[in-house]
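K.L.:
Fold the following for me, if possible:
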Amino acid sequence: MKIIATEKAPGAIGPYSQGYVVNGFVYTSGQIPVDPATGEVPEGITAQTERSCQNVGAVLEAAGVGFEQVFKTTCFLADMGDFAAFNEVYAKYFVSKPARSCVAVKTLPKGVLCEIEAIAAK
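P.N.:
Next up, the predicted model:
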């Protein structure tokens, strides 16, 4: 097992890692839309989805893979009313159309609107 760590994605705000490489697979922790350089969260679902996708991409890159190797994602939305806008941005990054679960949750860390985790083949 190898821990993934990069300064290009937000650091863990609890007792967990940004991701792991295990037996040829990459598992990312859920990435919320925090700018790793400033700690700021952008406003609105479109900007937050963009930032979450960029953070997932940074963890994948640190593991030596890209979005094209992702075969499963789990997405969390604070409001299912944001589903269409979320999908519009998500589709620009996850062009291989991985298997996906997308659920609405009561709250997310820091009050953000979305969170994305991914599993990729290495």
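
K.L.:
Excluding covalently adjacent residues, which one is nearest to Cys102?
P.N.:
Among residues not flanking Cys102 along the chain, Cys75 sits closest, at 4.2 Å (CB to CB, 6 or more residues apart in numbering). No exception for glycine: its C-beta is placed from N, CA and C like everyone else's.

K.L.:
quick check, the one you found in a strand?
P.N.:
Yes: looking at Cys75 with DSSP: H, G, I helix; E, B strand; the rest coil, it is inside a strand.

K.L.:
Can you give me the distance of it to Ala5?
P.N.:
Distance of Cys75 to Ala5, given as CB to CB, to the nearest Å: 23 Å.

K.L.:
Which one's more surrounded, these two?
P.N.:
Shown here are Cys75 and Ala5; by other CB atoms under 10 Å, Cys75 has more neighbours (21 against 14).

K.L.:
does the more buried one have beta-bridge partners, and which?
P.N.:
Cys102, Ile116 (DSSP bridges).

K.L.:
Tell me which stretches of the protein form helices.
P.N.:
If DSSP state H is used as the criterion, the helices of the chain fall at 45-63, 83-93.

K.L.:
now, of those, which is deepest in the fold?
P.N.:
helix 45-63 (a mean of 22; mean count of other CB atoms under 10 Å).

K.L.:
per-residue confidence averaged over it?
P.N.:
Mean per-residue pLDDT for helix 45-63: 98.

K.L.:
Equivalent analysis for stretch 83-91, please.
P.N.:
98.

K.L.:
Equivalent analysis for stretch 98-107, please.
P.N.:
Here the average pLDDT along stretch 98-107 is 97.

K.L.:
Dump that stretch to CSV, keeping only the CA atoms.
P.N.:
As requested, the backbone C-alpha atoms of stretch 98-107 are provided in CSV (Å, rounded to 0.1, in the frame of the first residue of the first chain):
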residue,chain,number,x,y,z
PRO,A,98,-17.1,5.8,-15.2
ALA,A,99,-19.7,3.9,-13.2
ARG,A,100,-21.1,6.3,-10.6
SER,A,101,-23.2,6.7,-7.5
CYS,A,102,-24.6,10.2,-6.8
VAL,A,103,-26.5,10.9,-3.6
ALA,A,104,-27.9,13.9,-1.7
VAL,A,105,-26.6,14.3,1.8
LYS,A,106,-27.7,16.4,4.6
THR,A,107,-24.4,18.3,5.0
